[in-house]
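S.K.: Have a look at this prediction, sequence included:
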Amino acid sequence: MSKKTVPNNTKKRKLDEQTTLNLSKQGQLLPFTTTTTENTPPQECIFPNNDSYFHLSHNEVEGVANELNNQFKYGKLRLVTREQIIPLLKEMDSLKEKFEFKKHKVITGIVGVGKTVFLLHTIIHCRRSGWLVLYLYNYSSFYWDESCLERVLRRHKEINKEILSSLKLNTEFKNLTTDNTLYDLLNNFSEKEVKEILIFYLNQLKCVKDYPVLIAVDKFNEFITLANENQSFENQILNCLSNLKRGLFIGATSSFSQLSYFKDFDKFDFFEMKEFTKKEFNLTLQMKFQLFKENKIPFFTQSQLKELSEWSGHLPFLINLFCKCYFYAQDFEIAKFKCIVLLTDYFYKPILYLLTKKESIPIIALISNDEFCKEISESWKNCGLLKWNEKRKVYIPVCPCVKSIIVTCFQFHKLQFVKFLSLTSRIQ
């Protein structure tokens, strides 16, 4: 990333406003006042220990979702290690030597909580521990674009070359015999054959005993939806996933997930992701401080940090997006406005679908007027934009940022409807 210089007309902040973060043992925000006109890191190490972050590079994964792809710097990505993931990684280590896996895992959670990153961390940990891992990172793309699935399989082949070269085929396939390996299978096929190849390959993985197998699918609910619509290809894949001899399946749901599509609940362990803890929020901002400092961009004041904490609801996706907008705007309020614009565009279609339902009218009215509702439809419950407030016994937007997005979409939808009525009246 090229370095950016602060424009000459940028006002210098007062010394008492130039603050950064310092991590206490409790993960609380502690002010750090600089003694120069340039932001400097705290006296103690800005990255407390190597376990606080995990690193991955492009050559370790088949691909990543678009929202993560632009976060890679020089082909590498550093992310905060979530406290919630530690028990799961320990469980994966204990499962490595076993041959039977009782339940598959599905990661759920509200919008922007970090389900994809959580899944990615699990994949990288297992891959580095000797598992044979297949990662289908955006199934909806594969459904519409077979060339995308082809690229994933070719990338998968190179990442797992050593393991795949040691595994022989159980049955013959076209011009391949049982003397050929799984690497040979994935080394020579055309785009037209990609779905057939994937099904055959998954059936081969069902029989693997020499290595623990992990199959990971992001946006798994979209895949399940297609399978429940009696799509034969998806049902064949689902059959393979549920019959691994020495393997485990792990999926992450996307926003607006419909968990009612999961027919066999007893086969899945559902793992609900939570927002950043104070410590995780601090660690992320410590990382951003380094980036801003390298590019001579003023860091946030303590009041701005507090506002960001409340506005984002400690949701990782929103925090990272806001910091990206701030990096280019170098103005706190402009960065917030850009975030709302980008997210409104991103969520408009799924929110519009919800707005067309009759049961949405009272919800929008309540949210717009800073009131909340006790009863909402299943569609709104599953959309990931609202959460249950146990203290007040009501549903509320997950954070002020998401509330602004819902209201903006509603206002735009109402404006479009008024224009439509005006146009039809003129035609009549």
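M.R.: That came through fine.
S.K.: chain center to whichever strand or helix holds residue 338, what's the gap?
M.R.: If you go by DSSP states H and E, residue 338 is part of helix 332-355. Relative to its chain's centre, helix 332-355 lies at 17 Å (C-alpha atoms, centre = their mean, to the nearest Å).
S.K.: I would like the residues contacting that helix, please.
M.R.: 111, 255-256, 300, 304, 307, 311, 318, 321-322, 325-326, 329, 360, 364, 379-380, 383, 385, 401, 404-406, 408-410, 412-413 (C-beta atoms under 8 Å, 6 or more residues apart in numbering). To be clear about C-beta, it is placed using only N, CA and C from the backbone, and glycine gets the same treatment.
S.K.: how deep is residue 343 tucked in, by neighbour count?
M.R.: 21 (other C-beta atoms under 10 Å).
S.K.: Could you pull out the buried residues of the helix holding residue 338?
M.R.: Burial within helix 332-355, assessed by neighbour count using 16 or more other C-beta atoms under 10 Å, is assigned to 332, 335-336, 338-340, 343-344, 347-348, 350-351, 354-355.
S.K.: Helix or strand: which one has the residue nearest the centre of the chain?
M.R.: Nearest residue to the geometric centre of the chain (C-alpha atoms, centre = their mean): residue 116, 2.8 Å. In the assignment (DSSP H and E), residue 116 maps to helix 115-128.
S.K.: How far away from the center of its chain is the helix or strand following that helix?
M.R.: The helix or strand immediately downstream of helix 115-128 is strand 132-136, counting by DSSP H and E. Mean-position distance between strand 132-136 and its chain equals 17 Å (C-alpha atoms, centre = their mean).
S.K.: and the helix holding residue 116, what does it pack onto?
M.R.: With contacts defined as 3 or more C-beta pairs under 8 Å, 6 or more residues apart in numbering; DSSP states H and E, helix 115-128 has these neighbours: strand 53-57, helix 66-69, strand 76-80, helix 85-95, strand 104-108, strand 132-136, strand 213-218, strand 247-252.
S.K.: and those, which one's lowest on average pLDDT?
M.R.: Among those, helix 66-69 has the lowest mean pLDDT, at a mean of 67.
S.K.: How much space separates residue 178 from residue 204?
M.R.: 11 Å (C-beta to C-beta, to the nearest Å).
S.K.: I should have written residue 77 there, sorry.
M.R.: Counting by C-beta to C-beta - residue 77 and residue 204 are separated by 31 Å.
S.K.: Before we move on, what's the pLDDT of residue 333?
M.R.: 95.
S.K.: ok, back up a step: quick one: which of residue 178 and residue 204 has more around it?
M.R.: Neighbours were counted for residue 178 and for residue 204 using other C-beta under 10 Å; residue 204 has more, 19 against 11.
S.K.: Was I right to think that one contacts residue 172?
M.R.: No. Residue 204 is beyond contact range of residue 172, at 11.7 Å (criterion: C-beta atoms under 8 Å).
S.K.: Next up, the contacts around the residue lying closest to residue 61 once chain neighbours are set aside.
M.R.: Spatially, and ignoring its direct neighbours in sequence, residue 61 is nearest to residue 135 (6.0 Å; C-beta to C-beta, 6 or more residues apart in numbering). By C-beta under 8 Å, 6+ apart, the contact set of residue 135 is 61, 62, 63, 123, 152, 156, 216, 218.
S.K.: Just flag the most distant two among these.
M.R.: 156 and 218 (14.3 Å; C-beta to C-beta).
S.K.: between these two, who's got more neighbours?
M.R.: Applying other C-beta under 10 Å to residue 156 and residue 218 shows that residue 218 carries more neighbours, namely 26 against 21.
S.K.: Would you enumerate the residues in contact with that one?
M.R.: Counting by C-beta under 8 Å, 6+ apart, residue 218 touches 65, 115, 116, 119, 135, 136, 137, 138, 139, 251, 252, 254.
S.K.: cutoff 7 Å now
M.R.: 65, 116, 119, 137, 138, 252 (C-beta atoms under 7 Å, 6 or more residues apart in numbering).
S.K.: now the buried residues of helix 332-355 in CSV, with distance to residue 290?
M.R.: CSV is the format used below for the buried residues of helix 332-355 (distance: C-beta to C-beta, whole Å):
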residue, distance to residue 290
332, 19
335, 18
336, 22
338, 22
339, 21
340, 27
343, 26
344, 30
347, 30
348, 34
350, 35
351, 35
354, 39
355, 41
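S.K.: picking that back up, which one of the helices and strands packed on helix 115-128 lies nearest to residue 294?
M.R.: Among the helices and strands packed on helix 115-128, strand 76-80 sits nearest to residue 294 (C-beta to C-beta), with 13.5 Å.
S.K.: quick one: the helices in the stretch 101-250 of the chain?
M.R.: Counting by DSSP state H, counting those that start in this stretch, the segments of the stretch 101-250 of the chain that form helices are 115-128, 139-144, 146-159, 161-164, 182-187, 194-205, 220-228, 232-241.
S.K.: Between those helices, which one is closest to residue 397.
M.R.: When those are compared (using C-beta to C-beta), the closest one is helix 115-128, at 18.6 Å.
S.K.: what comes up buried for that closest one?
M.R.: 115-127.
S.K.: Residue 240 and residue 109: what is the separation?
M.R.: Distance from residue 240 to residue 109, by C-beta to C-beta: 26 Å.
S.K.: Make a markdown table out of the helices and strands packed on helix 115-128 and add distance to residue 277.
M.R.: Formatted as a markdown table, these follow (distance: least, C-beta to C-beta, whole Å):
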| stretch | distance to residue 277 |
| --- | --- |
| strand 53-57 | 15 |
| helix 66-69 | 21 |
| strand 76-80 | 10 |
| helix 85-95 | 12 |
| strand 104-108 | 17 |
| strand 132-136 | 27 |
| strand 213-218 | 24 |
| strand 247-252 | 20 |
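S.K.: Could you tell me how many residues sit around residue 293?
M.R.: By other C-beta under 10 Å, neighbour count at residue 293 equals 17.
S.K.: On the three-state scheme, it is what?
M.R.: Classification of residue 293 using DSSP: H, G, I helix; E, B strand; the rest coil returns helix.
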